[in-house]
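J.: Provide a 3D model corresponding to the input given below.
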Amino acid sequence: MAIFCIGDIHGAADALDRLLDRLSAEYDDPTFWFVGDLVNRGPDSLGVLRRVRALGERAITVLGNHDLSLLALAQRNDAIEKAKPGLREVLEACDGDALLAWLRHRPLLHRDPALDWTMVHAGIPPSWTVAEAQARAQELEAALRGPDHRDFLAGLYGNTPSHWAPELSGIERLRYIANALTRQRFITPDGGLDMDYKKTLADAPSSLVPWFAWPNRAAGHERIVFGHWSALEQVAWPQYRVWGIDTGAAWGGQLSALRLDSATPYLVQVEADAP
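T.: Numbering: from 1, shown residues only. Here you go, the predicted model:
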């Protein structure tokens, strides 16, 4: 059975349909992992949520930062007024509440030891093992699924704290976990998360290091697939055992699927519509 991990979709429902149709035609009953950021930027976030949810047990989805943003937006009293058109359709849909409840119950990290792959939206901090990252993800999942999730989501956003410490507690602890798993790209010289620079490696300040290239990274022996970083301009980083599969579907690039159960991972791609 073929297993594919699909990169950031960002509301590109037509491209997703073409990719799923192609994979289903070429492979016998494939299953799918989704690396997060199902919504926003593209024209049909509602369609993407419906399609992925309808896959049922054939799909495993982790949350991205744009998915969390939609969940936070939905808690506001002025959500309809503040929502961009593609997200407003989700909030106003007859099945919108069910879709949002489904989204809120997705994990932040997925690990398959037998397959030897870990999926996360943005990355894993250099000091965390995969087991530690999974434990921290479960803390955030519990808050998202709990009775106080509205208050939690209201305080989730911000760029601090930038450094992990085991004694962090409350919203600061959860905010660091969310930023680490769904927003990080670069690490500062003192090991903190840089939340400002978002562009290419070539133009990055020399002091910044991509999270996956940090020396002696604790999870460096694990295979990790992630999204979030369309400006990375390269998918496979075998020297670091990571694959970054956000290939710019939101910007008229490609929507990519990485085959995970192959001895040599490979991509299947479709062109996305121009924005």
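
J.: Which residue, other than its chain neighbours, is closest to residue 162?
T.: residue 192 (3.8 Å; CB to CB, 6 or more residues apart in numbering). No exception for glycine: its C-beta is placed from N, CA and C like everyone else's.

J.: swap that for residue 153, sorry
T.: For residue 153, the spatially nearest residue (CB to CB, 6+ apart) is residue 72, at 4.3 Å.

J.: contacting residues for the one you found?
T.: 153, 154, 156, 157 (CB atoms under 8 Å, 6 or more residues apart in numbering).

J.: and those residues as JSON lines, adding neighbour count, secondary structure and distance to residue 166?
T.: Below are the contacts of residue 72 laid out as JSON lines (neighbours: other CB atoms under 10 Å; DSSP: H, G, I helix; E, B strand; the rest coil; distance: CB to CB, whole Å):
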{"residue": "153", "neighbour count": "20", "secondary structure": "helix", "distance to residue 166": "24"}
{"residue": "154", "neighbour count": "12", "secondary structure": "helix", "distance to residue 166": "25"}
{"residue": "156", "neighbour count": "20", "secondary structure": "coil", "distance to residue 166": "20"}
{"residue": "157", "neighbour count": "14", "secondary structure": "coil", "distance to residue 166": "23"}
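
J.: picking that back up, how near is the residue nearest to residue 162 to residue 201?
T.: Separation of residue 192 from residue 201 (CB to CB, to the nearest Å) stands at 19 Å.

J.: likewise residue 269?
T.: Distance from residue 269 to residue 201, by CB to CB: 21 Å.

J.: higher neighbour count, those two?
T.: residue 269 (19 against 16; other CB atoms under 10 Å).

J.: Which of the helices or strands spans that one?
T.: Residue 269 is part of strand 267-271, with elements assigned from DSSP states H and E.
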